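Participant: here is a sequence with its predicted model. Questions after.
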Amino acid sequence: MIDRLVKVFIFTQSPIPDPLIAKLRAVSPRLSIEHHTAQTVAEIDRSVWREIEVLYTSWLMPTINLVPKLKWVQGHFAGVDHFLDNPLIRSVILTTASGVHAPHMAEYILMLILAFAHKLPRMIEHQHNVDWPQDRWSLFVPKELNASTLGIVGYGSIGRETARLAKAFGLRVLALKRDKRIVKELGWRLPNVGDPAVEYVDRLYSTDQLRSMLSECDFVAITVPLTPETHKLIGAAELRSMKRDAILINVARGGVIDEAALIEALQNNLIGGAGLDVFEQEPLALNSPLWKLPNVILSPHVSGFSAHNDERAMDLFAENLRRYLNGDPLLNVVDMNKGY
């Protein structure tokens, strides 16, 4: 239990609405909360940094010498790979916004599954060409989801909500998890979202069974965090293990897939297609073949966007602030050895 005043600093590049900041202040009079928007750390006076005990931040992190009293950093995003090389992180508690983005990112994955299954890109192409094709059957016969298998690589909050939605369409669901012994969802989640007890998975796989799982899937969704262990997890060998008509969907980080190997697989029709929201280098280079491949749907890293993100993130932060003041375990604490 903390009975002193705790200095909390919310540091974002776009403003958090005042009513949401007010919800944080309502947690306890023991919290002194300031909110600043800035594009660089240097825009914040050094005297402010010196007093901060709790920092909420999106992309930017101060150097360790600026924040001698800092004890806990709450990240605005679920992925924190951009923080892990900062020496400061080794000396504080780091928590993530895991669970905040699960509903809309799972919907994005289902959108791509349905788009590929029902030949939506081809429909749009024919509409654009004002073409009513004579061979409609061969062009547009769909792959029904209730006779298909979805593999989810990474069974965190996004993967679990994807499984819940997929089951409503009758998909067989396979999931790969780093440690199959820990099945219960322990982090923050919205009510009635996700799969906390792993009820929607037909079979759970371990990391060393990745290729075996991929070989069974009509659709594969990548939802793992980017860590040294998952960097280029999906390479040429993994792509060759997939079905020739399988669809690969990546909403995680571009570095999880060997992009050159993926381009080669798509160009040679070794897999059916890919739905990509993230890339090894962003923005995606204008000369990348991915822009013009007919079996690719891509978007500019927007699957995590939602009008509800800030509200959900502040609800999570408020709960963690209560826990911090009461001396209880925080939600979504990063294991630095795992990188997530």
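Facilitator: Received it, and whenever you're ready, just let me know what you need.
Participant: same question for stretch 202-221, mean pLDDT?
Facilitator: Averaging pLDDT along stretch 202-221 gives 97.
Participant: swap in stretch 326-337?
Facilitator: So the average pLDDT for stretch 326-337 ends up being 95.
Participant: buried stuff in that stretch?
Facilitator: Buried residues in stretch 326-337, counting neighbours by 16 or more other Cβ atoms under 10 Å, are found at 330-332, 334. Backbone N, C-alpha and C define where each C-beta goes, glycine included.
Participant: now, the most widely separated pair of these?
Facilitator: Pairwise distances across the buried residues of stretch 326-337 (Cβ to Cβ) peak at 11.3 Å, for the pair Leu331 and Val334.
Participant: just to revisit the earlier point, can you add secondary structure and give the buried residues of stretch 326-337 back as a markdown table?
Facilitator: Formatted as a markdown table, those follow (DSSP: H, G, I helix; E, B strand; the rest coil):
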| residue | secondary structure |
| --- | --- |
| Leu330 | coil |
| Leu331 | coil |
| Asn332 | coil |
| Val334 | coil |
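Participant: list just the nearest of these to Thr223.
Facilitator: Using Cβ to Cβ, these come closest to Thr223 at Asn332, 15.5 Å.
Participant: quick one: contacts for the closest one?
Facilitator: Each residue near Asn332 by Cβ atoms under 8 Å, 6 or more residues apart in numbering is listed here: 95-99, 187-188, 316, 320.
Participant: where's the dip in pLDDT among the residues you listed?
Facilitator: Gly187 (91).
Participant: before we move on, back to that, any residues in contact with both of Leu331 and Val334?
Facilitator: Joint contacts of Leu331 and Val334 (Cβ under 8 Å, 6+ apart) are Thr95.
Participant: residue ranges in the protein under the pLDDT threshold?
Facilitator: Along the chain, no part satisfies pLDDT under 70.
Participant: where exactly do the helices run in it?
Facilitator: 18-25, 46-50, 102-117, 120-128, 136-140, 157-168, 210-214, 236-240, 259-267, 309-326 (DSSP state H).
Participant: show me what the first one is packed up against.
Facilitator: Pointing back at helix 18-25 there. strand 6-12, strand 31-37, helix 309-326 (3 or more Cβ pairs under 8 Å, 6 or more residues apart in numbering; DSSP states H and E).
Participant: gap between Thr230 and Leu331?
Facilitator: As judged by Cβ to Cβ, to the nearest Å, Thr230 and Leu331 stand 22 Å apart.
Participant: circling back to that earlier point, buried deepest among the helices of the chain, which one?
Facilitator: Among those, ranked by average contacts under mean count of other Cβ atoms under 10 Å, first place goes to helix 157-168 (a mean of 24).
Participant: got the CA coordinates for that helix in PDB?
Facilitator: This file holds the C-alpha atoms of helix 157-168, laid out as PDB (Å, rounded to 0.1, in the frame of the first residue of the first chain):
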ATOM      1  CA  SER A 157      -5.500 -11.400 -26.600                       C
ATOM      2  CA  ILE A 158      -5.800 -10.800 -30.400                       C
ATOM      3  CA  GLY A 159      -5.400 -14.500 -31.300                       C
ATOM      4  CA  ARG A 160      -8.000 -15.500 -28.600                       C
ATOM      5  CA  GLU A 161     -10.600 -13.100 -29.900                       C
ATOM      6  CA  THR A 162      -9.900 -14.200 -33.500                       C
ATOM      7  CA  ALA A 163     -10.600 -17.800 -32.400                       C
ATOM      8  CA  ARG A 164     -13.900 -16.800 -30.700                       C
ATOM      9  CA  LEU A 165     -15.100 -15.000 -33.900                       C
ATOM     10  CA  ALA A 166     -13.800 -17.700 -36.200                       C
ATOM     11  CA  LYS A 167     -15.800 -20.400 -34.300                       C
ATOM     12  CA  ALA A 168     -19.000 -18.400 -35.100                       C
END
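Participant: run the angle between that helix and helix 102-117 for me.
Facilitator: With axes from the mean of the first three to the mean of the last three Cα atoms, to 10 degrees as the basis, helix 157-168 and helix 102-117 are set at 50 degrees to each other.
Participant: not counting its neighbours along the chain, what's nearest the residue nearest to the spatial centre of the chain?
Facilitator: Closest residue to the average C-alpha location of the chain: Ala252 at 4.9 Å, with Cα atoms, centre = their mean. Sequence neighbours aside, Ile222 is the residue nearest to Ala252 in space, at 4.8 Å (criterion: Cβ to Cβ, 6 or more residues apart in numbering).
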